[in-house]
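Engineer: Build me a structure from this.
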Amino acid sequence: MNIQILPNWCKKLGIIIFIAFALPSAMDGVMDGINDGAREYSSPKTQVEVSLDSQSEKIQSNSKTHKISNYFGSELMHLFNILNIIGLIIYMISKEKIEDDYINKLRADSFQISILIFLLISLAIYSFKRNLNMPLDYFLCFYIILFLFIFSIKKRLY
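Structural biologist: Down below sits the predicted model:
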């Protein structure tokens, strides 16, 4: 697997692109978790008020959520997710400082192991939840991060 077409300095560029465009979607997830947690652990008095007047609860919850996707819009957030994946790919196909046949072997082994792990996890998810509704970028980012994680571990061990 010898497809390293970018120089070593592109690793830094890829990480910067990944972090810059992963933050908006990550912040949306964090804000959703905080808002859902605040609704779960609300006092009994507010739960009774919510059950009595569900319409006002919907209005209040919509007005209190300040999501980043509300500022950028769904099309721009989709573009951010694409750029996030592109940043990881740039990092993945950039050369190492010392590029030799052993690094190529480690890269190929890491690719093979990450494919096997990814397929096993996908099979496990599919066997428990047949109609999983998740965007493709979750799977792509997970696979690329898994590959990079395995490659860095193998590179440090050998």
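
Engineer: mind showing which ranges of the chain have poor pLDDT?
Structural biologist: 1-4, 37-66 (pLDDT under 70).

Engineer: where's the longest helix along the chain relative to the chain centroid, distance-wise?
Structural biologist: Secondary structure of the chain per DSSP state H: the longest helix is helix 10-40. Relative to the chain's own centre, helix 10-40 is displaced by 8 Å; criterion: C-alpha atoms, centre = their mean, to the nearest Å.

Engineer: How about stretch 128-143?
Structural biologist: In terms of C-alpha atoms, centre = their mean, the centre of stretch 128-143 is set 11 Å apart from its chain centre.

Engineer: buried residues in it?
Structural biologist: Buried residues in stretch 128-143, counted by 16 or more other C-beta atoms under 10 Å: L140, C141, Y143. (Each C-beta comes from the backbone N, C-alpha and C, glycine too.)

Engineer: Same check on stretch 149-158?
Structural biologist: Neighbour-count burial for stretch 149-158, counted by 16+ other C-beta under 10 Å, picks out I150, F151, K154.

Engineer: can you list contacts of the helix or strand encompassing L146?
Structural biologist: Assessed by DSSP states H and E, L146 sits inside helix 136-157. Helix 136-157 has contacts (C-beta atoms under 8 Å, 6 or more residues apart in numbering) with 81-82, 84-85, 88-89, 91-92, 96, 103, 106-107, 109-111, 113-114, 117-118, 122.

Engineer: and the angle from that helix to helix 10-40?
Structural biologist: Orientation check (axes from the mean of the first three to the mean of the last three C-alpha atoms, to 10 degrees): helix 136-157 against helix 10-40 gives 120 degrees.

Engineer: Using PDB, write out every CA atom in helix 136-157.
Structural biologist: Only the C-alpha atoms of helix 136-157 are listed here, as PDB (Å, rounded to 0.1, in the frame of the first residue of the first chain):
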ATOM      1  CA  LEU A 136     -22.300   7.800   6.700                       C
ATOM      2  CA  ASP A 137     -19.800  10.300   8.100                       C
ATOM      3  CA  TYR A 138     -20.000   8.600  11.500                       C
ATOM      4  CA  PHE A 139     -18.800   5.300  10.000                       C
ATOM      5  CA  LEU A 140     -16.200   7.000   7.800                       C
ATOM      6  CA  CYS A 141     -14.700   9.000  10.700                       C
ATOM      7  CA  PHE A 142     -14.800   6.000  13.000                       C
ATOM      8  CA  TYR A 143     -12.900   3.800  10.400                       C
ATOM      9  CA  ILE A 144     -10.300   6.400   9.600                       C
ATOM     10  CA  ILE A 145      -9.700   7.200  13.300                       C
ATOM     11  CA  LEU A 146      -9.500   3.400  14.000                       C
ATOM     12  CA  PHE A 147      -6.900   3.000  11.300                       C
ATOM     13  CA  LEU A 148      -4.800   5.900  12.600                       C
ATOM     14  CA  PHE A 149      -5.000   4.700  16.100                       C
ATOM     15  CA  ILE A 150      -3.900   1.100  15.200                       C
ATOM     16  CA  PHE A 151      -1.100   2.500  13.000                       C
ATOM     17  CA  SER A 152       0.200   4.700  15.700                       C
ATOM     18  CA  ILE A 153       0.200   1.900  18.200                       C
ATOM     19  CA  LYS A 154       2.000  -0.500  15.800                       C
ATOM     20  CA  LYS A 155       4.500   2.200  14.900                       C
ATOM     21  CA  ARG A 156       5.300   2.800  18.600                       C
ATOM     22  CA  LEU A 157       5.600  -0.900  19.400                       C
END
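
Engineer: Since that was my last question, I'll sign off now.
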